[in-house]
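Student: pasting the sequence and the predicted model now:
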Amino acid sequence: MTDESESMETTNDESQKPESQGRMQILDHALSQARKKIISSAKLQLFQKHLRPIHKKNPEVLKRMHMQLTKQLDCHISEEVMLMFAEEQMEKILDDLDGVIASQKDNKEEAWRPSGDPQQDSRVYNISVKVKQKAQLQHVLSQLEQQNTLLRDHVALRQKKLLGTKRTVDSGISKWREINEAATSIPADELVEFVQKYGKIHRHHTMIPWDDDIDVLVNGSQKEAMSRALESLPEYTLYRPPLVQWKFFSKNITRSKRPFAWPYIDIFFFGENETHIWDKANRYTQLYMFRKADVFPLQNKPYQGSLQPVPCNSPRVLSRTYDPTLCTTSSYTHKEERSKDPGSRKTVKCESLYRKFPFVFRETRDHYVMETVKVGDCILYQTKAALPCWTESP
């Protein structure tokens, strides 16, 4: 398209003035004409003048560049105008204005005319305007006061709930520390703690957000020592059936028909030989069997504000049973003591949850491992941990 043809097209378009159209159509037509004039001003001769080396070398390339630029410019301007119309609700405003004007066509009331006294005219006009503004402001003020009252009540309720949650969390941490102190009376080399078989500590430093129980694994030879330590806590009850895992829970929780109440801690016991340990519960023996070299010596890792003993070769222990890159919801609800609907179980890549939940990221350094707990790019805290047993210096 030549500059002359562009100019002729613009002139022809300008001659086609919209008649008997609404203001929105008039505005749209005017902006369309303005856009075409802007595009037509980007003449090919200007490109040829300022980009002379390219024009001499390959005039067709320059011409295609010019055409592409003008098309993109036209597209961007159109998009910006449409966005402006949408944000400012121009079509509704102008349609309302058309309606107001149309409704006044048959109005026989005489329009206001100045009296000749500027002060009097100004006073009469301003009084009516100010009265309307006052009424509007009073209405806005009333609405704001109502909103402030609702907001104040909502904030007070939220503060009350947060205080209650804080007390619950503080109480839980305090009770967990009591349990931890009681459990430390058992020899450290005989006690191994797993939270969902160690996943909570390794992956989150806290409860897995989509889980609802805690598992502890204790040497079977320490059953009586564990029983004495836990039964010495007056606010808790230990349920110890002979063939399955024990359950440890608060006395303040109302029980249903079962001899225990959720939330509780499941206490499993392991057997051992010279090379391995395993879960003594028959249904878990093959699933939870680990090399002693991967478990001992135990390392202390952060969990819920305290340090808990965990295996020294955690990746191998975890990969024995789980895929550490996958996050999976539980197949069992401990609160209701029943299996979940198989269709409700979800498995996703853990990395897809990094921006929603706290995860632990590790960086091995010369003499320690830096563990960083983050939600997305937000660092919650960092802590130093011992080197895993498989990388310790000799």
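Tutor: That came in fine, so what should we check first? Being a predicted model, the structure only gives us computed values, none of them experimental.

Student: check what pLDDT the residue lying farthest from the centre of the chain gets.
Tutor: Distance from the C-alpha centroid of the chain, by C-alpha atoms, centre = their mean, peaks at Gly116 (66.2 Å). Per-residue pLDDT puts Gly116 at 76.

Student: for the stretch 251-394 of the chain, just list every one of the helices.
Tutor: Along the stretch 251-394 of the chain, counting by DSSP state H, counting those that start in this stretch, helices occupy 292-295, 314-319.

Student: out of these, which gets the lowest mean score?
Tutor: Looking at those, the weakest mean confidence is helix 314-319, a mean of 82.

Student: buried stuff in that helix?
Tutor: 314, 316-318 (16 or more other C-beta atoms under 10 Å). (Glycine included, C-beta is placed from N, CA and C.)

Student: could those go into a markdown table alongside distance to Arg362?
Tutor: Formatted as a markdown table, the buried residues of helix 314-319 follow (distance: C-beta to C-beta, whole Å):
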| residue | distance to Arg362 |
| --- | --- |
| Ser314 | 10 |
| Arg316 | 15 |
| Val317 | 15 |
| Leu318 | 13 |
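
Student: and which of these is nearest Ile54?
Tutor: Leu318 (61.2 Å; C-beta to C-beta).

Student: count of neighbours near the nearest residue to the closest one once chain neighbours are set aside?
Tutor: Among residues not flanking Leu318 along the chain, Pro324 sits closest, at 5.2 Å (C-beta to C-beta, 6 or more residues apart in numbering). By other C-beta atoms under 10 Å, 13 other residues sit near Pro324.

Student: relative to Gly271, how far out is Pro324?
Tutor: 26 Å (C-beta to C-beta, to the nearest Å).

Student: after the helix or strand hosting Leu230, next one along is what?
Tutor: If you go by DSSP states H and E, Leu230 is part of helix 223-231. Tracing the chain past helix 223-231, the next element assigned as helix or strand by DSSP H and E is strand 236-239.

Student: coming back round to it: could you report the distance from the residue nearest to Leu318 to Leu141?
Tutor: Counting by C-beta to C-beta - Pro324 and Leu141 are separated by 58 Å.

Student: start to end distance for stretch 244-260?
Tutor: 13 Å (C-alpha to C-alpha, to the nearest Å).

Student: with stretch 275-284 instead?
Tutor: 18 Å.

Student: swap in stretch 268-277?
Tutor: 12 Å.

Student: got the domain boundaries for the chain?
Tutor: In terms of domains, the chain is parsed into 3-101, 184-352 (source: automatic domain parsing).

Student: doesn't Thr165 fall inside a strand?
Tutor: No. Per DSSP: H, G, I helix; E, B strand; the rest coil, Thr165 lies outside any strand segment and is helix.

Student: okay, the closest residue to Pro209 other than its chain neighbours and Pro315: tell me how far apart.
Tutor: Once flanking residues are discounted, Pro209 sits nearest to Phe357: 4.9 Å by C-beta to C-beta, 6+ apart. Look at Phe357 and Pro315: by C-beta to C-beta, they are 20 Å apart.

Student: got it, and Lys134?
Tutor: With C-beta to C-beta as the criterion, Lys134 and Pro315 are 72 Å apart.

Student: do the same with Ser250
Tutor: In terms of C-beta to C-beta, Ser250 sits 34 Å off from Pro315.

Student: go on, Tyr284?
Tutor: 21 Å.

Student: could you do Gln138 as well?
Tutor: Relative to Pro315, and taking C-beta to C-beta, Gln138 is found at 68 Å.

Student: what is the neighbour count of Val218?
Tutor: 20.

Student: from memory it sits against Phe268, does it?
Tutor: Yes. Look at Val218 against Phe268 with C-beta atoms under 8 Å: they come within range, at 7.2 Å.

Student: so where is the stretch 251-394 of the chain shaky, pLDDT-wise?
Tutor: The model of the stretch 251-394 of the chain has pLDDT under 70 over residues 390-394.

Student: could you pull out the strands for it?
Tutor: 264-272, 276-279, 289-291, 299-303, 306-310, 326-328, 332-333, 338-339, 347-349, 359-364, 369-375, 378-385 (DSSP state E, counting those that start in this stretch).
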